[in-house]
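Visitor: sequence first, predicted coordinates after that:
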Amino acid sequence: MSPSKNSKLNAWVEEVRAMVQPDKVEWCDGTTAEYDRMMQVMVEAGLATKLNPAKRPNSYHFRSDPSDVARVEDRTYISTTNKRDAGPTNNWASPKELKETMRGLYNGCMKGRTMYVIPFSMGPIGSDIAKIGVQVTDSPYVVANMHIMTRVGTKVLDTLGAGEFIPCLHSVGKPLQPGQKDNGVWPCAPIEKKYIAHFPEENLIWSYGSGYGGNALLGKKCLALRIASAMGKKEGWMAEHMLILRLTNPEGRKFHIAAAFPSACGKTNLAMLQPPLKGWKAECLGDDIAWMKIKADGRLYAINPEAGFFGVAPGTSYKSNPMAMDSIRENAIFTNCVMTDDGDVWWEDMDKPCDHGIDWKGRDWKPGKEVGAHGNARFTAPAKQCPVICSDWENPEGVPIDIFVFGGRRTRVMPLVHQATSWDHGVFMGATAASEPTAAALDVSSALRRDPMAMLPFCGYNVGDYWQHWFEMGDRLGNKAPAIFYVNWFRKSDAGKFLWPGYGDNARVLKWMCQRVEGKVGARETPLGFMPNPEDLDLTGLTIAKADLEEVLRVDAAAFKGEFADLDGWMAKIGEFVPERMKKQVAEYKKRFGG
Ligand code: O2Y
Ligand code: MN
């Protein structure tokens, strides 16, 4: 029986039920009892292991199918009537054809399973920036993760009333025959049957065949970025792949920073950083997504639409991110880690070594040739468990953003930090943000991977229109627009040594940004924009060689000129959709370098 009086919702749930033919339907209420029941179901199905409560209270470990370990960008579609609306960076399919294919897959796909209906709020329930979604899924793993990552339950339905919601249909794509059970085998469909489909014209998400992460927890990348970015364009707000943090200076002034980095560039670490600077305090509001709206005072206010962290486990340690380690001490879900002999989890580059365990594929494991945890092994943990979570992280009003930061991972050329000289210049910096190809694809002649505003896999519409939206937001914000900066924590010397210590010391760069906003610190003008002189950075207590500091702040004009061809190639890829204001920025940038 539906607990909702929303006739559109009830009709949609009934339509889906008739198509997917589950054994039963359960409406989720978001209670702890429900969470515990999901875990019990999965322990009984051999899919979850309860961790040793003395080591990791109320926590569970899962192993996914080796074919279902990460987002599948090749199988992700933006489905619009006209191909131009998906733009040159997205996979496109016509809604009619994609729906026909997917209906064929959905037909009877939940046989032998329970269909769960999850009402969830992205953002504090009732916030004027928040949105309500309803996910239908046949995965109890998804239900449990959605409990942590979003606000689930009856209160959401009360707030929804007869209003609008975003329907999110998900199936793992593995119906069960009568009497058949999962028996410890992670249910999913083969890669060629996986589809992660977005229909921005009707704010609709259909996902089929994967039970993992961003493919399956539809509130996250699908709703909060792809669909929300398209809604933001239509409605005049912004959905961005950005962490949010608050820095408070010794005088008590609060600065709110929203920073966009491509996946796996340390967003969670920066979101939870602890400054080594006397009198400065940092608090985390979110580690992955920011929704921002211009409010009555003309400033841009941000909320974190999520309620938890879905972080990469390998590399997370008390050295790299103590606050994340403390956030996952209990009530957490782990996926594709090593299970240790004492019933805990482990991954590469944790604080202590592990001599023996069961690896992410379920095999007896010792350190050696193969890693124990998958490179994209994950933890899911409630944001409220973060020791430095900001008291305003659930403020429905959001927090006013002072600073935007873009960045990428570059071992060469790009210096530590530079500041845009205008909003349009900042939009250009974000739009041309780039990382080097990873070691796996290392090839000196290969091009940079451009990742505009870290949204390449997440922009739910034409990226040229997205840039235009950024320009127009700047027009509306005027002199209340956040200042824009670009950072690169990853520059290396010719000998391959990191030039900048990174981690908590990145707060020194954030301090310079805050002082720039206040007009209290110096800078020099370069062709890239404003940059700190060495003496403009607070380096108290830091040992860094003078030569390294000079190198990390050096602008090598010849090297930047050497990248003009790559920049032209990137603009050519966006082609006819590049806004005029972006073309002007490209021309001015080249001119500043004398080219
Ligand atoms: O592999 C996945 O499905 C997770 S991807 C992800 C998860 C949390 C935060 N960011 C990302 C990302 O890819 O940007
Ligand atoms: Mn992300």
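Guide: Happy to help now that I have it. Ligands and ions are numbered 1, 2, ... in the order given.

Visitor: quick check: mean pLDDT of stretch 22-35?
Guide: In this model, stretch 22-35 has a mean pLDDT of 98.

Visitor: which other residues reach that stretch?
Guide: 2-4, 13, 17, 110-119, 138, 143-144, 146-147, 151-156 (Cβ atoms under 8 Å, 6 or more residues apart in numbering). Quick note: C-beta positions are derived from backbone N, CA and C, even for glycine.

Visitor: list the contacts for the residue in the stretch 151-300 of the chain that ligand 1 sits nearest to?
Guide: The nearest approach of the stretch 151-300 of the chain to ligand 1 comes at residue 213, 2.4 Å away (Cβ to the nearest ligand atom). Residue 213 makes contact with 70, 71, 220, 310, 335, 376, 378 under the criterion Cβ under 8 Å, 6+ apart.

Visitor: same question, residue 377
Guide: 312, 313, 314, 334, 335, 336, 337, 347, 360.

Visitor: from those, which is closest to ligand 1?
Guide: The closest of the contacts of residue 377 to ligand 1 turns out to be residue 312 (Cβ to the nearest ligand atom; 7.4 Å).

Visitor: state the pLDDT value of the closest one.
Guide: At residue 312, pLDDT is 95.

Visitor: and the contacts of stretch 552-564?
Guide: Contacts for stretch 552-564 (Cβ under 8 Å, 6+ apart): 412-413, 415-416, 448, 491, 499-500, 526-528, 531-534, 590, 593-595.

Visitor: show me the residues you listed that map onto strands.
Guide: Using DSSP state E, the subset of those located in strands is 526, 531.

Visitor: tell me the buried residues within the contacts of stretch 552-564.
Guide: Using 16 or more other Cβ atoms under 10 Å as the burial test, the contacts of stretch 552-564 include 413, 415-416, 448, 491, 499-500, 526-528, 531-532, 590, 593 as buried.

Visitor: looking at the residues you listed, which one is closest to ligand 1?
Guide: When the buried ones among the contacts of stretch 552-564 are ranked by distance to ligand 1 (Cβ to the nearest ligand atom), residue 448 comes first, at 18.4 Å.

Visitor: next one: phi and psi at the closest one?
Guide: When read as degrees, to the nearest 10, the backbone of residue 448 gives phi -70, psi 150.

Visitor: which residues touch it?
Guide: By Cβ under 8 Å, 6+ apart, residue 448 lies in contact with 434, 435, 436, 437, 563, 566.

Visitor: can you check residue 515 too?
Guide: Taking Cβ under 8 Å, 6+ apart as the test, what residue 515 contacts is residue 521.

Visitor: what's the first-to-last distance across stretch 241-250?
Guide: 29 Å (Cα to Cα, to the nearest Å).

Visitor: in that stretch, what's buried?
Guide: Across stretch 241-250, burial judged by 16+ other Cβ under 10 Å covers 241, 242, 243, 244, 245, 246, 247, 248, 249.

Visitor: Three-state assignment for the closest residue to residue 190 other than its chain neighbours, please.
Guide: Distances taken as Cβ to Cβ, 6 or more residues apart in numbering place residue 67 nearest to residue 190, at 7.0 Å, with adjacent residues excluded. For residue 67, the assignment made with DSSP: H, G, I helix; E, B strand; the rest coil gives coil.

Visitor: check residue 555 too.
Guide: What three-state DSSP gives for residue 555 is coil.

Visitor: among the contacts of stretch 552-564, which lie within helices?
Guide: residue 590 (DSSP state H).

Visitor: and the contacts of the helix or strand hosting residue 424?
Guide: Assigned by DSSP states H and E, residue 424 belongs to helix 423-431. Outside of helix 423-431, the residues within contact range by Cβ under 8 Å, 6+ apart are 260, 404, 406, 418, 420, 452-453, 467, 470-471, 474, 477, 481, 483-484, 486, 529, 581-582, 584-586, 588-589.

Visitor: among these, which are in helices?
Guide: The helices, defined by DSSP H, take in 467, 470, 471, 474, 477, 581, 582, 584, 585, 586, 588, 589 from those.

Visitor: which among those residues count as buried?
Guide: Applying 16+ other Cβ under 10 Å to the ones in helices among the contacts of helix 423-431 flags 467, 470, 471, 474, 477, 581, 582, 585, 586, 589 as buried.

Visitor: next, format those residues as TSV and append distance to residue 554 and pLDDT.
Guide: Below are those laid out as TSV (distance: Cβ to Cβ, whole Å; pLDDT from 0 to 100):
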residue	distance to residue 554	pLDDT
467	29	99
470	29	99
471	31	99
474	30	98
477	32	98
581	29	98
582	27	99
585	23	98
586	23	98
589	18	98
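
Visitor: and the ones in helices among the contacts of helix 423-431 as TSV, adding distance to residue 126?
Guide: Below are these laid out as TSV (distance: Cβ to Cβ, whole Å):
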residue	distance to residue 126
467	32
470	28
471	32
474	29
477	25
581	37
582	38
584	42
585	39
586	43
588	44
589	44
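
Visitor: return the member of those residues nearest to residue 164.
Guide: Looking at the ones in helices among the contacts of helix 423-431 and their distance to residue 164, the nearest is residue 470, at 25.7 Å (Cβ to Cβ).

Visitor: ok, the closest residue to the closest one other than its chain neighbours to residue 477 distance?
Guide: When the adjacent residues along the chain are set aside, residue 470 lies closest to residue 427, with 4.6 Å between them (Cβ to Cβ, 6+ apart). Separation of residue 427 from residue 477 (Cβ to Cβ, to the nearest Å): 12 Å.

Visitor: how about residue 372?
Guide: Counting by Cβ to Cβ, the gap from residue 372 to residue 477 is 48 Å.

Visitor: redo the buried residues of stretch 241-250 as JSON lines? Include secondary structure.
Guide: Output for the buried residues of stretch 241-250, formatted as JSON lines (three-state DSSP):
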{"residue": "241", "secondary structure": "coil"}
{"residue": "242", "secondary structure": "coil"}
{"residue": "243", "secondary structure": "strand"}
{"residue": "244", "secondary structure": "strand"}
{"residue": "245", "secondary structure": "strand"}
{"residue": "246", "secondary structure": "strand"}
{"residue": "247", "secondary structure": "strand"}
{"residue": "248", "secondary structure": "strand"}
{"residue": "249", "secondary structure": "coil"}
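
Visitor: confirm residue 225 sits in a helix?
Guide: Yes - counting by three-state DSSP, one finds residue 225 located in a helix.

Visitor: who's in contact with the closest residue to it other than its chain neighbours?
Guide: With Cβ to Cβ, 6+ apart as the criterion, residue 225 has its nearest non-adjacent residue at 3.9 Å, and that residue is residue 458. Each residue near residue 458 by Cβ under 8 Å, 6+ apart is listed here: 221, 225, 226, 229, 241.

Visitor: residues from the stretch 151-300 of the chain in reach of ligand 1?
Guide: Counting by Cβ under 6 Å from any ligand atom, the positions of the stretch 151-300 of the chain adjacent to ligand 1 are 212, 213, 214, 263, 288.

Visitor: what do you get if the cut-off is 5 Å, keeping everything else the same?
Guide: 213, 214, 263, 288 (Cβ under 5 Å from any ligand atom).
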